[in-house]
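>>> make a model of this:
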Amino acid sequence: MTHKFLTYKHIFKVSIPIIISGLSVNIVNITDTIFLSHIGEIALGAAGNAGILYYIFVLLGMGFSSGAQIIMGRRNGAKEYDKIGSLHLQTIYFLFFASILFIGLIKLSALHFLPVIVSSGDVLEQIQLYLSIRSWGIVFTLGNLAFIAFYIGTTRTRILGIITPAMAGLNIVLDYLLIFGEYGMPEMGVEGAALASNISEGCGLLAMFLYTLFLKGKEEYRLFEWELPDFKKIQRMLVTAGPIMVQNFVTLTSWFAFFSIIENLGERSLAVSHIVRSLYMFVMIPVFGFGDATNTLVSNLMGEHRSDLIFSLLKRMGIIALLANVAMLPFLVVFADTTLLVFTQDPELIAATIPSLRVVAGSMFVFSLALILFRAITGIGRTREALYIEVISIAVYMTYIYYVGVILRASLPVVWASEYVYFGLMLLMAFLFLRFAKWQETKL
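Coordinates of the predicted model:
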């Protein structure tokens, strides 16, 4: 009899709510891009770059929640359910105190770091306005991550497909009201986009907390049983989570460096690249969902001591991810002109965007396979090795970007071809690790 984690029914049961959640978040990002493009290319590029800086800190928190999720998944697979509640509470403690620290770091970065690297005074002003408000929302962002870690780690993902879309819908409405000042609301521009995100994420966190508080069977996990912060438990979690936190920081720092190089190529290039990024991330939502599902299913299989089934799981995940890409490909290639009308009505901006969009359309197939294998390595618990793979891939990636973007000042599509370099190298190293390394008895 096929193990339930290998059935397509169970894979989709775990993956679909995560995909819906990711879809909702990215719809918000795209909506921000659409609304801000009507204000102007400076506002669009500034909010995009500010968002990248913000998510450098979010991904540090996400790294810890991912580590917690892996450990919860391992305990879930081993049927040690009573240990999961304590892990969840310690995750909440850590992420709350981290968010307070991150607020200060974001504000300091906006005042002292950004003026050094942003060449346009207008762009810098808009970035600082956005971050002055958005920085406070990191408390809600990281709070949501703590609950998401529990639900993905225990494969009870259905609620994510309900609360996240509702949160996204609220964000879109607030975006419209606060960016443009409709229905008596103040016209706040980029600041309105930041405030809308904060309010919607705060409401989402409240909904997540209330749902968990009344969760059927929560006693099995010993959720919300009071205990003080336990630094020994947090330290043990950091052994797994620490490399993911560093990996996420390095990854998004490289994105920030990428867009800083693009910004020096001109405001038009920056606006084009943020449209490409928004659309690229949107069509990859299913793959990210399957990647998260791979992470937790691998972790649960390791908890059951069934590492022999992992390659069968990865084969199924790879096939599904590639088919998802085939379904999304026409929006980037065949119907690119029509798709881009969602972002802008400017024919010159559309024409400038299409060449780069077609470059990334091919890279998403390499991206998909690399992500599935890479998430398997983190799900196994070999997060240090995953960090090494990430650092090497990014070092080569940044070398390529610097050479073609700064030294050669090549065209934008050539710069975006860096995606093949990055994910191609990651795919190769992840495959070699899973094929030849001795990871089957990894303990957590």
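>>> which stretches of the stretch 201-350 of the chain have low pLDDT?
Applying pLDDT under 70 to the stretch 201-350 of the chain flags no residue at all.
>>> again, only using 90
215-219, 223-226, 232, 236, 245-289, 292, 305-308, 325, 327-350 (pLDDT under 90).
>>> residue boundaries of the helices in it?
Taking DSSP state H, counting those that start in this stretch, the helices of the stretch 201-350 of the chain run over residues 218-221, 231-263, 267-283, 285-303, 310-332, 336-340, 347-380.
>>> what angle do the helix or strand just after the longest one and helix 347-380 make?
Reading on from helix 347-380 to the C-terminus, the next helix or strand found by DSSP states H and E is helix 383-402. For helix 383-402 and helix 347-380, the angle between their directions (axes from the mean of the first three to the mean of the last three CA atoms, to 10 degrees) works out to 160 degrees.
>>> buried set for helix 383-402?
By 16 or more other CB atoms under 10 Å, the buried positions in helix 383-402 come out as 383, 385-387, 389-390, 393-394, 396-398, 400-401. For the C-beta atoms, the positions are set from N, CA and C on the backbone; glycine is no exception.
>>> which helix or strand lies directly C-terminal to it?
Per DSSP H and E, helix 383-402 leads on to helix 412-416 as the next helix or strand towards the C-terminus.
>>> got the CA positions of that next one in PDB?
Coordinates of each C-alpha in helix 412-416 appear next as PDB, following Å, rounded to 0.1, in the frame of the first residue of the first chain:
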ATOM      1  CA  LEU A 412      18.400  44.300 -18.700                       C
ATOM      2  CA  PRO A 413      17.600  40.800 -20.200                       C
ATOM      3  CA  VAL A 414      21.300  39.900 -20.000                       C
ATOM      4  CA  VAL A 415      21.300  40.900 -16.300                       C
ATOM      5  CA  TRP A 416      18.100  38.800 -15.700                       C
END
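>>> starting at the chain centroid, how far to it?
On the basis of CA atoms, centre = their mean, to the nearest Å, helix 412-416 sits 23 Å off its chain's mean C-alpha point.
>>> I'd like the next helix or strand past that helix.
Counting by DSSP H and E, what follows helix 412-416 is helix 418-436.
>>> report the buried residues of that next one.
By neighbour count with 16+ other CB under 10 Å, helix 418-436 contains the buried residues 418-427, 429-430, 433-434.
>>> give me the mean pLDDT for that helix.
Mean pLDDT, computed over helix 418-436, is 95.
>>> report all helices and strands that that helix contacts.
helix 347-380, helix 383-402 (3 or more CB pairs under 8 Å, 6 or more residues apart in numbering; DSSP states H and E).
>>> which one of the ones you listed lies nearest to K233?
Proximity to K233 (CB to CB) singles out helix 383-402 among these, at 17.2 Å.
>>> contacts for that closest one, please.
Residues outside helix 383-402 that contact it (CB atoms under 8 Å, 6 or more residues apart in numbering): 67, 70, 240-244, 246-247, 250-251, 254, 257-258, 261, 374, 377-378, 415, 418, 421-423, 425-426, 429-430, 433, 437.
>>> likewise for stretch 158-177?
Outside stretch 158-177, the residues within contact range by CB under 8 Å, 6+ apart are 16-18, 20-21, 23-25, 27-28, 31-32, 35, 148, 151-152, 182-183, 185, 192-193, 195-197, 199-201, 203-204, 207-208, 211.
>>> which of the residues in it are buried?
159-161, 163-165, 167-168, 170-172, 174-177.
>>> for T338, grab the count of nearby residues.
10 (other CB atoms under 10 Å).
>>> hang on, the earlier thing: please work out which of the helices of the stretch 201-350 of the chain is packed deepest.
Most buried of these by mean neighbour count (mean count of other CB atoms under 10 Å) is helix 285-303; its value is a mean of 26.
>>> other SSEs contacting that helix?
Helix 285-303 sits against helix 8-37, helix 41-77, helix 138-153, helix 310-332, helix 347-380, with contacts defined as 3+ CB pairs under 8 Å, 6+ apart.
>>> now name the helix or strand holding T155.
Of the helices and strands defined by DSSP H and E, none includes T155.
>>> could you list every residue that touches the most centrally placed residue in the chain?
The centroid of the chain falls nearest to L59 when counting by CA atoms, centre = their mean (7.3 Å). Neighbour list for L59: M245, N248, F249, T251, L252 [criterion: CB under 8 Å, 6+ apart].
>>> try it again with 10 Å
L59 makes contacts with S66, L145, I244, M245, Q247, N248, F249, V250, T251, L252, T253, W255, as judged by CB atoms under 10 Å, 6 or more residues apart in numbering.
>>> same question for L238.
Counting by CB under 10 Å, 6+ apart, L238 touches G63, F64, G67, A68, F94, F231, I244, M245.
>>> how many neighbours does the first one have?
Counted with other CB under 10 Å, residues neighbouring G63 total 26.
>>> same question for the fifth one.
The local packing count at F94 equals 23, with neighbours defined by other CB under 10 Å.
>>> roughly how far does it sit from F436?
F94 sits 35 Å away from F436 when distances are taken as CB to CB, to the nearest Å.
>>> next up, phi/psi of F224, please.
Dihedral angles of F224 (phi, psi; degrees, to the nearest 10) stand at phi 60, psi 20.
>>> what is the burial count for it?
15.
>>> with T141 instead?
Using other CB under 10 Å, T141 has 24 neighbouring residues.
>>> I'd say it and Y55 touch.
Yes - look at T141 against Y55 with CB atoms under 10 Å: they come within range, at 8.9 Å.
>>> what do these two both touch?
Common contacts of T141 and Y55 (CB under 10 Å, 6+ apart): G61, M62.
>>> of the contacts of L238, closest to T353?
Closest approach to T353 among the contacts of L238 (CB to CB): G63, at 31.7 Å.
>>> what sits closest to that closest one if chain neighbours are left out?
Excluding its sequence neighbours, the residue lying closest to G63 (CB to CB, 6 or more residues apart in numbering) is M245, at 3.2 Å.
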